[in-house]
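Quick one: sequence plus predicted model below, questions after.
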Amino acid sequence: MKTAQFKRDAEHQEQSRYDHLVTADGMVHRSLFTDPLIFEEEMRQIFGGTWVFLLHESEIPQANDFKCVTIGRRPLIVARDSDGVVRGMMNRCTHRGATVCQQEQGNARRFTCAYHGWTFGNNGDLLGVTFPKGYRREFDKAAHNLGKLPCLESYRGYVFGSLNPDVESLREWLGAASEMIDWSVDNLVTSKARVVKASSMVFNANWKLQSDNNGDMYHVPATHKSVAMMTQLRHGAGKALDHFDGDASDMYVKYYGHGHKLIDQTPAIESAWDRARPVPGRETYARALEQRIGKAEARKYLEMTGRAGINLVLYPNIIIAGAGSFIVSDILERFSDVELHFPFDVSHIESGNVLRRDHVLVQQSKDAHFIPYNKMGCATLARPNAVPAGAQF
């Protein structure tokens with residue numbers, strides 16, 4: 001009892017350390033975005049204490065596929081082992097701490113550390129060491145396996161991990177936000193979709209600004225005003241952002257707890273396809289899709305190519321957006337790395353895939369120039385990843 005009380009008192013003191021930085025009316029002190037000590041604690045308490053998005057299952061579809069990711073600044077390997085089980089392990093050799101896997105993504109049964117040649121299976125087990133006869137007989141290979149992620153769960157294809165062995169279940173953590181994930185997967189993504197990386201950008205600002213911006217509709221009429229005006233002049237009414245009609249639009253923002261929040265623009269968007277800004281070849285690809293699978297079925301795919309009007313922010317590092325796309329934030333010391341991913345249909349519906357790619361990249365090129373900056377920062381859009389039209393991924 002005394003131990004439990006001591007723990008509760010310690011947690012209360014930890015929380016109260018920052019109470020003075022948040023006023024009763026919700027104003028926060030800028031040090032929450034600039035203080036390096038607070039940043040370090042966020043890496044421990046937030047990224048080290050709760051669920052963090054790792055990848056989508058379709059990014060490692062085959063046995064022995066892997067991808068290197070991070071939880072905060074901790075490097076990990078997420079792999080589908082030979083039995084098809086998805087596993088998470090530290091990308092850090094248990095010998096001298098060197099990075100085990102240098103490749104971002106691929107297919108491998110084992111990983112060999114380039115420093116001293118220790119070899120690990122894609123389940124994290126130590127398989128062999130260089131010059132094994134030089135080790136004492138009592139050397140225990142099992143005691144030198146890669147560190148395993150204590151908690152790893154998946155929901156509707158989205159894989160999350162936690163460094164906290166006592167974290168609540170993923171379903172409890174998601175709460176009511178899972179309903180919007182269900183809606184997105186059931187209505188905006190086909191069963192044969194495979195996620196690919198579309199583009200990435202790095203901006204010099206605190207990681208929380210990405211989450212904050214994607215839960216903010218207030219900025220749209222001002223920050224994106226030039227894009228909205230250009231779109232209306234070129235393409236007329238009913239396109240892109242003109243559903244932001246002052247304060248009269250039928251849209252809303254909802255808070256789910258745990259830092260999760262939703263922007264829902266769908267009440268103001270009758271058709272994502274009709275409202276999307278035109279891209280080169282739009283009509284040609286649409287006609288080709290209609291000729292191949294019929295108008296009714298083609299319409300389902302076309303509706304997936306535009307922005308569906310949702311931003312579901314799952315704190316701390318993923319935003320699930322329209323058309324099944326999602327945005328992942330990584331931590332790079334003082335910088336934040338933002339990656340856009342979106343799904344392709346691997347049933348080889350070439351027209352729908354090209355339209356989906358082009359609409360998403362057009363949207364991303366707009367968003368990249370309007371990241372909210374802090375006093376130190378600016379945003380730079382990296383070159384979009386090359387995605388072959390209609391490629392089988």
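Alright, I've got the coordinates.

For the residue nearest to G117 when sequence neighbours are not counted, give me its contacts.
Spatially, and ignoring its direct neighbours in sequence, G117 is nearest to T130 (3.9 Å; Cβ to Cβ, 6 or more residues apart in numbering). C-beta coordinates here come from the backbone N, C-alpha and C atoms, glycine included. Counting by Cβ atoms under 8 Å, 6 or more residues apart in numbering, T130 makes contact with H116, G117, W118.

what do you get if the cut-off is 10 Å, keeping everything else the same?
H95, T112, C113, Y115, H116, G117, W118, T119 (Cβ atoms under 10 Å, 6 or more residues apart in numbering).

contacting residues for the nearest residue to the second one once chain neighbours are set aside?
Taking Cβ to Cβ, 6+ apart, and ignoring the residues beside it in sequence, T112 has T119 as its nearest neighbour in space, at 4.6 Å. Contact criterion Cβ under 10 Å, 6+ apart gives V100, R110, F111, T112, C113, D125, L126, L127, G128, V129, T130 as the residues in contact with T119.

V328 sits in which helix or strand?
V328 belongs to strand 326-332 when assigned by DSSP states H and E.

Angles on the backbone of L170, please.
phi -60, psi -40 (degrees, to the nearest 10).

From Y155, how far off is it?
6 Å (Cβ to Cβ, to the nearest Å).

Give me the buried positions along the strand holding V328.
F326, I327, V328, S329, D330, I331 (16 or more other Cβ atoms under 10 Å).

Please apply the same query to stretch 153-162.
Across stretch 153-162, burial judged by 16+ other Cβ under 10 Å covers E153, Y155, G157, Y158, V159, F160, G161, S162.

Specify which member of these is nearest to G106.
Lowest distance from G106 to the buried residues of stretch 153-162 (Cβ to Cβ) belongs to V159, with 17.3 Å.

Low-confidence regions, this protein specifically.
1-15, 188-193, 245-247, 304-308, 322-324, 332-334, 342-393 (pLDDT under 70).

ok, which stretches of it are helices?
2-16, 31-34, 36-45, 170-174, 177-188, 208-213, 220-223, 225-235, 272-275, 282-293, 295-305, 350-367 (DSSP state H).

Between which two of the contacts of T119 is the distance greatest?
So, the contacts of T119 by Cβ to Cβ: farthest apart are D125 and T130, at 16.7 Å.

Could you tell me which residues make contact with F47?
T70, I71, G72, R73, R74, S162, L163, W207, P316, N317, I331.

how close does the residue nearest to M251 when sequence neighbours are not counted get to A176?
Distances taken as Cβ to Cβ, 6+ apart put Q265 closest to M251, at 4.7 Å, once the chain neighbours are dropped. Taking Cβ to Cβ as the measure, Q265 falls 19 Å from A176.

swap in C68?
Distance from C68 to A176, by Cβ to Cβ: 32 Å.

Those two: which has the busier surroundings?
C68 (19 against 12; other Cβ atoms under 10 Å).

doesn't E104 make contact with the more buried one?
Yes: between C68 and E104 there is a contact under Cβ atoms under 10 Å: 5.5 Å.

Residues in contact with both of the two, list them for me.
With contacts taken as Cβ under 10 Å, 6+ apart, C68 and E104 have no neighbour in common.

So for the residue nearest to the spatial centre of the chain, what's the nearest residue that isn't a sequence neighbour?
Nearest to the geometric centre of the chain sits V328, at 2.5 Å (Cα atoms, centre = their mean). For V328, ignoring the flanking residues on the chain, the nearest one in space by Cβ to Cβ, 6+ apart is E339 at 4.9 Å.
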